[in-house]
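Student: starting from these lines, generate the structure:
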Amino acid sequence: MFLGRTRQRRLWQATTLLMLIMAMFVASTPSSSWAFQDAAAEPAAAEAAEPAAEPAPADTEENKTEEKNPANETFLVWMINASGAFGAVLLLISFIMVAVIMMNLLQVRRDNMLPEGFVAAFEEKLNAKDYQGAYEIARNDESLIARVLAAGLSRLNRGYEEAIEGMQEVGEEESMTMEHRLSYLALIGSIAPMIGLMGTVWGMIASFRTIATAAVAPKPKDLADGISTALFTTLEGLVVAIPAIIAYSLLRNRVSRLLLEVGRVSEGLMSRLPVGKSAE
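Tutor: Numbering: from 1, shown residues only. I've put the predicted structure just below:
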């Protein structure tokens, strides 16, 4: 692991704090409505003070209709209400996806796997035939190529083939570790559309239930809740899955390329060492 447990813990704490902030923002978002009022005031004080008999109830009914009208809600509030629990689960998964992508981006870097400074220092020790110093540099460095070379140097007294085998073991172990971290993105890319599909089925069931239980033919607005749930959850599942799949593919190719380069450089450096001489 290139990042220590302390740095990983801080990363997850920052992600949790971001999730709490977003949850507070969503909870505090007000539903905005547009109110249109006619301001026709008469100059006479008596007519202004006199309450109108008919318009007052009419205004009250209109206000009630506007409050029940979903068109008065903002798009964000409408989406949150329509998505329900499925949207909350997909929102949580999206935060996890961002955290996993950031963690992999911080770990799968050339400076962590193949730093130029370490390679230059190791070659300098080899040119000076200071093999013990080269081993000390490799053992004290945390980069991948340093650990690969340290494993090979520790077995060099057993022969060159043993040294190469030790280097390959470290490389395969690191490859499995990176693939395990990247597999979470593949998992998110697989389950996010499934959760969206579940919300789609749930919304359609709600709409058909409204049709089945209605005494007369339901109006389109009575079916809007279920249909909006179906469409929003499908959209949200795809919005989460597509970036996860793209990030998984790009990061996996990057890992493969860097691992191949680490293997090539490390074997080239090991070939310059005297076979059979202990580096410890």
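Student: list the contacts for the closest residue in space to I227 that isn't next to it in sequence?
Tutor: Among residues not flanking I227 along the chain, S207 sits closest, at 5.6 Å (CB to CB, 6 or more residues apart in numbering). In this view, the C-beta of every residue, glycine as well, is placed from N, C-alpha and C. Residues counted as contacts of S207 (CB atoms under 8 Å, 6 or more residues apart in numbering) are 223, 225-227, 230.
Student: again, only this time at 10 Å
Tutor: With contact set as CB atoms under 10 Å, 6 or more residues apart in numbering, S207 has these partners: 218, 222-230.
Student: S190 now?
Tutor: 241, 244-245.
Student: most surrounded residue in the contacts of S207?
Tutor: T229 (25 neighbours; other CB atoms under 10 Å).
Student: so how far is R252 from that one?
Tutor: Separation of T229 from R252 (CB to CB, to the nearest Å): 34 Å.
Student: also W202?
Tutor: Taking CB to CB, one finds W202 at 33 Å from R252.
Student: can you check R109 too?
Tutor: 15 Å.
Student: and L106, by the same measure?
Tutor: Distance from L106 to R252, by CB to CB: 16 Å.
Student: quick one: buried residues of stretch 248-265?
Tutor: 248, 251-252, 254-255, 258-259, 262-263, 265 (16 or more other CB atoms under 10 Å).
Student: secondary structure and pLDDT for those - can I get that in a markdown table?
Tutor: Shown next, in a markdown table, are the buried residues of stretch 248-265 (DSSP: H, G, I helix; E, B strand; the rest coil; pLDDT from 0 to 100):
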| residue | secondary structure | pLDDT |
| --- | --- | --- |
| Y248 | helix | 95 |
| L251 | helix | 93 |
| R252 | helix | 93 |
| R254 | helix | 92 |
| V255 | helix | 92 |
| L258 | helix | 91 |
| L259 | helix | 91 |
| V262 | helix | 91 |
| G263 | helix | 89 |
| V265 | helix | 91 |
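Student: and which of the residues you listed is nearest G152?
Tutor: For the buried residues of stretch 248-265, the minimum distance to G152 (CB to CB) is 11.1 Å, reached by G263.
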